[in-house]
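[1] model this:
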Amino acid sequence: MKKVYGSAAEALEGFLHDGMLIAAGGFGLCGIPELLLEAIKESGAQDLTFASNNAGVDDFGIGILLQTKQVKKMISSYVGENAEFMRQYLAGELELEFNPQGTLAERMRAGGAGIPGFYTKTGVGTVIAEGKEHKDFNGETYILEEGIFADLAIVKAWKADDTGNLIFRKTARNFNVPAATCGKICIAEVEEIVPRGSLDPDSIHLPGIYVHRIIQGDHEKRIEQRTTRKKEDA
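    Numbering: from 1, shown residues only. As a prediction, this is how the structure comes out:
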């Protein structure tokens, strides 16, 4: 089965449609599938829902899809760093489903494991719990959260072989693994595709069984907030 494709647009061909739910890996600007997001923008797909920790910044990451009004809803835990995200939400132009960060990661992981729902204490007594089922276990109250089952997952990895085995680099691993597993289809962009058999099996973070298509490309690797000290103070 062919998994390696020449471009993001080719890899996405046949999978994009209006109104779909897309799980996107990454945290801030770290480990985000920037090439696939650009291709989704160019496709013109509309009314999209994204399950992602955040929406990047105004002109990078999911932020570019907010600029073109292609996103209908965000399922996120953080909305900072993106003025357009905030503007659209406050103006009622964008739906937002807030999730505590750990809950969002677990919702993706649960979906990938075929688990439709789970109980958690996180959010009990807050607006997060409104409208959700409550249940007591051993004298403690929990709320029911649903697993995320996405139409498509897009992720960014460091290395892959042609069967789709993936290795993520350091903190770029973040949301990428749970996002990848919860999609009916998973497409990964990577920095390097290596020969089959050259990856140490113990170092593989995501087995190729989860990955349907792969692309290799050059990545910008922006820094979201650059914080430095003066040389003389270092």
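[2] just say helix, strand or coil for Glu220.
    Counting by DSSP: H, G, I helix; E, B strand; the rest coil, the backbone at Glu220 sits in coil.
[3] contacts only, for it.
    34, 60 (C-beta atoms under 8 Å, 6 or more residues apart in numbering). Using the backbone N, CA and C atoms, a C-beta is placed for each residue, glycine as well.
[4] mind pulling up the pLDDT for it?
    Model confidence at Glu220, given as pLDDT, is 79.
[5] ok, it to Ile64 distance?
    Distance from Glu220 to Ile64, counting by C-beta to C-beta, to the nearest Å: 12 Å.
[6] also Glu38?
    For Glu38, the distance to Ile64 - C-beta to C-beta - is 7 Å.
[7] repeat that for Arg87.
    15 Å.
[8] Lys170 now?
    25 Å.
[9] more neighbours: which of these two?
    Ile64 (22 against 9; other C-beta atoms under 10 Å).
[10] what's the next secondary structure element after the helix or strand of the chain with the lowest mean pLDDT?
    Lowest on mean pLDDT, DSSP states H and E among the helices and strands of the chain sits helix 83-90, with a mean of 88. Going down the chain from helix 83-90, the next helix or strand is strand 95-98, by DSSP states H and E.
[11] just checking, what packs against the very next helix or strand once past that following strand?
    Moving toward the C-terminus from strand 95-98, the next helix or strand (DSSP H and E) is helix 101-112. Helix 101-112 is packed against strand 48-51, strand 117-120, strand 140-146, helix 176-181, with contacts defined by 3 or more C-beta pairs under 8 Å, 6 or more residues apart in numbering; DSSP states H and E.
[12] no further questions, thank you.
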